[in-house]
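Quick one: sequence plus predicted model below, questions after.
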Amino acid sequence: MTINTHRSNDMADDTQTSQQTIKRLIGDLYSEQAESTLARIDALVARYRPKVADTTPPTDLFDERDTILITYGDTLHADDEHPLETLHRFGKDRLTDIIETIHILPFFPYSSDDGFSVQDYYAVNPEVGTWDDVDALAKDFGLMFDAVFNHMSAQSAWFDKFLAGEAGYEHLFMTESPDTDLSQVTRPRQSALLTPFKRPNGETVHVWTTFSADQVDFDIRHPDTLLHLLDVLLYYVSHGASIIRLDAIAFLWKIAGTSSIHLPQTHEVIQVMRAVLNLVAPQVILITETNVPHKENVSYFGDGHNEAQMVYNFTLPPLLFHTFLQQDATVLREWVNSLSTPSNDATFFNFTASHDGIGVRPVEGILDEKALQAMVAHVNQSGGRVSYKRNPDGSDSPYELNVTYVDALIVPSEPQALQVKRFVLSQAIAMSLAGVPAIYIHSLLGSRNDIAGMESSGVNRRINRAKLAYADVQAELDDASSFRAQVFAAYSHLIAVRRQQAAFHPNATQEALDLGRTDLFGLLRQCGTQTILALFNLTPETQTVDVSQWITHEAVDVISGEKKKPQVNLEPYGVVWLAKDA
């Protein structure tokens, strides 16, 4: 046996670097309590390392084969089995050739916010399944879990212990005097920031509730809180999580008199999490969910090595929506050419839809007010809703467009075949960009607005969170004439083809091209072994484009398998991926 001493030395160096990083950060964050906090972190690492199957640092964190499905654990349901079992069955039946990782949105016991008001981080909601179901799913797919670390349910045992002043929990949640000036705090909601609660002794305490009165904010300024959250983080890894999503993490560290968003201490806590994972499970990826303007969003890459390896590309959904609405790729092209990542260990999580709506804050400074209002009007006309946020001056601004991405994109007056092509074209653009594509289950299934679910619940976001009987979905997917089947088939084919193209590696170069007209979009992706010229027709008419500047003879469209000359005919809402080897 040959022992790779270089690798062993590298791992030792990585371990030492991570330990030094943790020591420095804990010293910055907790000063006098640093020594005891470090000892507790050491014990935590020692306890969880044996529970992780593979602790070898990966050579590549991601590649062109990576595609992530986003879904609730109970989006699909069937009789006589847990929804997680149904999801697993769907995965094995339909997804094995196209999906690498499944992001199961919070599957823990919860009291509100469709899972994001967690009552117990260590339990699986029995209405969804069991840890055995999760572990079984992890044998066939990578798994992405949510770390909802800004807040927890007010109806949780942890919060009860906090109110009772129980040791280890007495500092767990953030309190403030109602007389404190909190006018500078950035608010993502219109609800009250402080919510009064009574302790068992009758004392009233006012707790920060950034998102709702049922979601009480953690006080990460105390090391006890950090240790609780680190334990949850590593517990998820022990159950097969290969990607951890840090939900609403931008609000984590709070200081009265500041905006309490993106504070330096928040970045330092993320760096602690990254370093701890490097010690226990260096193959696990952190992704930050920060639905904010682009410059602030990408700050969570850190230096490219010390914070999140992936960030949500939040600008993409609204900007792509605008591009199709205006049939104009000008702003999209300029924006794509402005994108960069700080290292090859950092990339974008490219999505167009999720369990939430289409956030519009990320296009601040990119789209003007007229463009924003056009999107708002279109959503209202399509049966969707618009959610608003409260500004420091007391005014309200659009925060999120609540609509399925299908209904945002299609033109109702067009025939079904064109509706399918137009929607799938939007997804093809997202899949062609540098990064890892992430696909919401309702986009993959071509789901339409769930108006009834939204109206019956009074929750705008329910429009995009329909629960589906698996038997009905199967029947529709087996009916080649159905909208759902046609979207799924075209979408699945694109994913399968994409996974075979080296030029779609997240670290392959990209350039959005000037094709001399605004109703076409072109993208050049290149790596050492392959070049792909991706062309997209934003119109419902056939268009011809001369690409002799990039393709001098013939190239193969890997989607259709056809050879194309430099004069390319693009079908209505057509896409081609012209590939040539280096």
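Cool, the structure landed. Residues are numbered from 1 along each chain as shown.

how does the protein divide up, domain by domain?
290-465+478-508, 509-581 (automatic domain parsing).

Highest mean neighbour count out of the ones you listed?
Across those, averaging neighbours per residue (mean count of other C-beta atoms under 10 Å) puts domain 290-465+478-508 on top, at a mean of 20. Just so you know, the C-beta spots here come from the backbone N, C-alpha and C atoms, and that holds for glycine as well.

chain center to that one, what's the gap?
Relative to its chain's centre, domain 290-465+478-508 lies at 11 Å (C-alpha atoms, centre = their mean, to the nearest Å).

Run through the strands of the stretch 251-400 of the chain in chain order.
With strands called from DSSP state E, counting those that start in this stretch, the stretch 251-400 of the chain shows them at 285-288, 310-312, 347-350, 358-359, 385-390, 396-402.

Quick test: name the residue nearest the centre of the chain.
Tyr312 (5.0 Å; C-alpha atoms, centre = their mean).

Nearest spatial neighbour of that one, chain-adjacent residues omitted?
Phe349 (4.9 Å; C-beta to C-beta, 6 or more residues apart in numbering).

residues touching the one you found, list them.
Ile68, Ile287, Met310, Val311, Tyr312, Asn313, Gly435, Val436, Ala438 (C-beta atoms under 8 Å, 6 or more residues apart in numbering).

can you list the residues that contact stretch 484-491?
By C-beta under 8 Å, 6+ apart, stretch 484-491 touches 94, 406, 416-417, 420-421, 423-424, 427, 439, 443-447, 473, 476-480.

who does the strand or helix carrying Thr531 touch, helix- and strand-wise?
Using DSSP states H and E, Thr531 sits in strand 530-537. In terms of contacts (3 or more C-beta pairs under 8 Å, 6 or more residues apart in numbering; DSSP states H and E), strand 530-537 is packed against helix 416-432, strand 520-526, strand 567-570, strand 575-581.

and those as JSON lines, adding distance to Gln271 and mean pLDDT?
Below are these laid out as JSON lines (distance: least, C-beta to C-beta, whole Å; pLDDT from 0 to 100):
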{"stretch": "helix 416-432", "distance to Gln271": "29", "mean pLDDT": "99"}
{"stretch": "strand 520-526", "distance to Gln271": "31", "mean pLDDT": "99"}
{"stretch": "strand 567-570", "distance to Gln271": "46", "mean pLDDT": "97"}
{"stretch": "strand 575-581", "distance to Gln271": "38", "mean pLDDT": "96"}
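
Tell me where the chain is predicted with low confidence.
Scanning the chain for pLDDT under 70 picks out 1-13, 55, 582.

Thr323 contacts Thr539, doesn't it?
No: shown here, Thr323 and Thr539 do not form a contact pair, counting by C-beta atoms under 8 Å, at 12.0 Å.

Show me the helices in the stretch 101-250 of the chain, by range?
Secondary structure of the stretch 101-250 of the chain, counting by DSSP state H, counting those that start in this stretch: helices at 131-138, 157-164, 223-238.

Pull out the buried residues from the longest one.
What that stands for is helix 223-238. Within helix 223-238, the residues that count as buried by 16 or more other C-beta atoms under 10 Å are 223-234, 236-238.

just the second one next, same as before
Residues of helix 157-164 classed as buried: Trp158, Phe159, Phe162, Leu163 (neighbour count, 16+ other C-beta under 10 Å).

quick one: which of these is nearest to Arg187?
Nearest to Arg187, judged by C-beta to C-beta, of the buried residues of helix 157-164 is Phe159 at 21.6 Å.

for that closest one, what are its contacts?
By C-beta under 8 Å, 6+ apart, the contact set of Phe159 is Met152, Ser153, Leu172, Phe173, Val216.

same thing but at 6 Å, please
Shown in contact with Phe159 (C-beta atoms under 6 Å, 6 or more residues apart in numbering): Val216.

From Asn201, how far out is it?
Separation of Phe159 from Asn201 (C-beta to C-beta, to the nearest Å): 16 Å.

Identify the residue spatially nearest to His222, adjacent ones excluded.
His171 (3.8 Å).

State the distance from that neighbour to Ala39.
According to C-beta to C-beta, His171 and Ala39 sit 18 Å apart.

ditto for Ile220
Taken as C-beta to C-beta, the span from Ile220 to Ala39 is 19 Å.

Surely Leu252 is in contact with Pro264?
No: using C-beta atoms under 6 Å, Leu252 makes no contact with Pro264, being 11.5 Å away.

higher neighbour count, the two?
Taking neighbours as other C-beta atoms under 10 Å, Leu252 and Pro264 compare with Leu252 leading, 25 against 9.

for that one, what are its contacts?
Asn150, Ile220, Thr266.

and if you look at Ile441?
Ile441 makes contacts with Thr71, Thr75, as judged by C-beta under 6 Å, 6+ apart.

Look up how far Ser447 lies from it.
8 Å.

can you check Gln530 too?
Here the criterion is C-beta to C-beta. By it, Gln530 lies 34 Å from Ser447.

and if you look at Tyr440?
Using C-beta to C-beta, one gets 9 Å for the distance from Tyr440 to Ser447.

so Glu541, which of the three states?
coil (DSSP: H, G, I helix; E, B strand; the rest coil).

roughly how far apart are it and Arg333?
Note on Glu541: its distance to Arg333, by C-beta to C-beta, is 20 Å.

cool, and Pro293?
Distance, Pro293 to Arg333, by C-beta to C-beta: 20 Å.

before we move on, what about Gln543?
Look at Gln543 and Arg333: by C-beta to C-beta, they are 16 Å apart.

cool, Asn291 as well?
Distance from Asn291 to Arg333, counting by C-beta to C-beta: 24 Å.

out of the buried residues of helix 223-238, who's nearest Ser183?
Ser183 lies nearest to Thr225 out of those, by C-beta to C-beta, at 25.6 Å.

Surely that closest one is in contact with Asp217?
No: using C-beta under 6 Å, Thr225 makes no contact with Asp217, being 10.4 Å away.

Good, we can wrap up now.
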